[in-house]
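**Student:** the sequence and its predicted three-dimensional model are supplied below.
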Amino acid sequence: MADLEFRRDLYRGTARDYDRFRVPYPRSLIDDLAGRSGATGRGRLLDLACGTGQVTFALAGRFGEVWAVDQEPDMTSVVREKARAAGLGHIQVLTSAAEDLPAPEGFFDLVTIGNAFHRLPRGAVAASALRWLRPGQFLALLYSGDNPWSGEAPWQRAMAEVVNHWMTRAGGHDRIPPGYEQDRRERPDRAVLAEAGFEVLGQHQFPTGYAWTTETLTGLVFSTSVLSRAALGGQAEDLAADLRRELRDFQAVGGLPETIGFAYELARRPRR
């Protein structure tokens, strides 16, 4: 089956919101991934669709060389800025679509993709990642669960109404390729990895409690590909006002708590 194609500019202009409001992967997940993948402080990490470096910087100390790759120049600019400020000269930042990356074969010890595999050409990227890894080495798909407005708490249902209204009003649904949901059902990530030749080793879950505020939820919405400030076309403050109005009472009486379903899927290139 052919890979679905997302627009390549979906996250244009989101980098600052993305860096500020995306919840970091928990240390327990990072430590577990480093242990299972055999990170030694040497070796090479390739972080594909790296965004502003949530995975890159969490794992940078476990590798001697790190490639951070994203197709959005705004994102890679932030990663370069952060790496320079932290004095991390072993991080090489490249602006490239994952499927176009000219990486050497058998070069990396771990390939990571955080919250992004679903919008990449999954089959092509999985096949390339297999080639780029050394035999016996690992690929990890990291996730942070569903959007907070997908839950069943009263505040989440109230937020969902606002988000759904603005998805229709701003044309957010048009930024998702037709057939996306069906493709994910018929070809789950594990199946795509297996088709590419990976040994799929299993998923590891790290549910983590988090307390949202109206401000951080609004920033998270603006960090998405479907309701970014660019996608809203000058109506960002109107959406923010709607969220403040609908969530004000919930935040006042008990906050906006969520258990975020962090997890990663681990796969390995066969040794032969």
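**Tutor:** That came through fine. Numbers count the residues shown, from 1 in each chain.
**Student:** now for the residue nearest to Ala116 when sequence neighbours are not counted, how many residues are close by?
**Tutor:** Among residues not flanking Ala116 along the chain, Ala49 sits closest, at 3.5 Å (CB to CB, 6 or more residues apart in numbering). No exception for glycine: its C-beta is placed from N, CA and C like everyone else's. Ala49: 23 surrounding residues under other CB atoms under 10 Å.
**Student:** ditto for Leu141
**Tutor:** Leu141: 24 surrounding residues under other CB under 10 Å.
**Student:** work out for me the element it sits within.
**Tutor:** Element membership for Leu141 (DSSP states H and E) is strand 133-143.
**Student:** dump the residue contacts of Gln235.
**Tutor:** Contacts here follow CB atoms under 8 Å, 6 or more residues apart in numbering; on that basis Gln235 touches 169-170.
**Student:** should've said Leu4
**Tutor:** Leu4 sits next to 121, 177, 179-180, 183 when contact means CB under 8 Å, 6+ apart.
**Student:** farthest-separated two in the residues you listed?
**Tutor:** The most widely separated members of the contacts of Leu4, counting by CB to CB, are Pro121 and Gly179 (13.8 Å).
**Student:** those two - which one has more neighbours?
**Tutor:** Pro121 (17 against 10).
**Student:** what's the neighbour count on the residue lying closest to the more buried one once chain neighbours are set aside?
**Tutor:** In space, and not counting its chain neighbours, Pro121 is closest to Asp3: 3.5 Å by CB to CB, 6+ apart. By other CB under 10 Å, the residues close to Asp3 number 17.
**Student:** which parts of the stretch 101-250 of the chain are strands?
**Tutor:** Assignment of strands within the stretch 101-250 of the chain using DSSP state E, counting those that start in this stretch yields the ranges 108-114, 133-143, 199-212.
**Student:** which residues does the spatially most central residue of the chain contact?
**Tutor:** Centroid check for the chain by CA atoms, centre = their mean gives Asn115 as the closest residue, at 2.2 Å. Residues near Asn115 by CB under 8 Å, 6+ apart: 22, 51, 54, 142-144.
**Student:** could I get the contacts of Leu4 as a markdown table with pLDDT and distance to Asp70?
**Tutor:** Formatted as a markdown table, the contacts of Leu4 follow (pLDDT from 0 to 100; distance: CB to CB, whole Å):
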| residue | pLDDT | distance to Asp70 |
| --- | --- | --- |
| Pro121 | 94 | 15 |
| Pro177 | 83 | 20 |
| Gly179 | 82 | 25 |
| Tyr180 | 83 | 21 |
| Asp183 | 85 | 23 |
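**Student:** among those, which are located in helices?
**Tutor:** Among the contacts of Leu4, the ones falling in helices (DSSP state H) are 180, 183.
**Student:** from the contacts of Leu4, which single one is nearest Pro102?
**Tutor:** Pro121 (16.3 Å).
**Student:** what sits against Arg44?
**Tutor:** Counting by CB under 8 Å, 6+ apart, Arg44 makes contact with 63-67, 107-110.
**Student:** restricted to buried residues, select these in PyMOL.
**Tutor:** Buried residues among the contacts of Arg44 (16 or more other CB atoms under 10 Å), as a PyMOL selection:
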select buried, resi 63+65+66+67+108+109+110
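**Student:** can you redo the contacts of Arg44 as JSON lines with distance to Leu256?
**Tutor:** Listed next are these as JSON lines, based on distance: CB to CB, whole Å:
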{"residue": "Phe63", "distance to Leu256": "36"}
{"residue": "Gly64", "distance to Leu256": "41"}
{"residue": "Glu65", "distance to Leu256": "40"}
{"residue": "Val66", "distance to Leu256": "34"}
{"residue": "Trp67", "distance to Leu256": "36"}
{"residue": "Phe107", "distance to Leu256": "43"}
{"residue": "Phe108", "distance to Leu256": "39"}
{"residue": "Asp109", "distance to Leu256": "39"}
{"residue": "Leu110", "distance to Leu256": "34"}
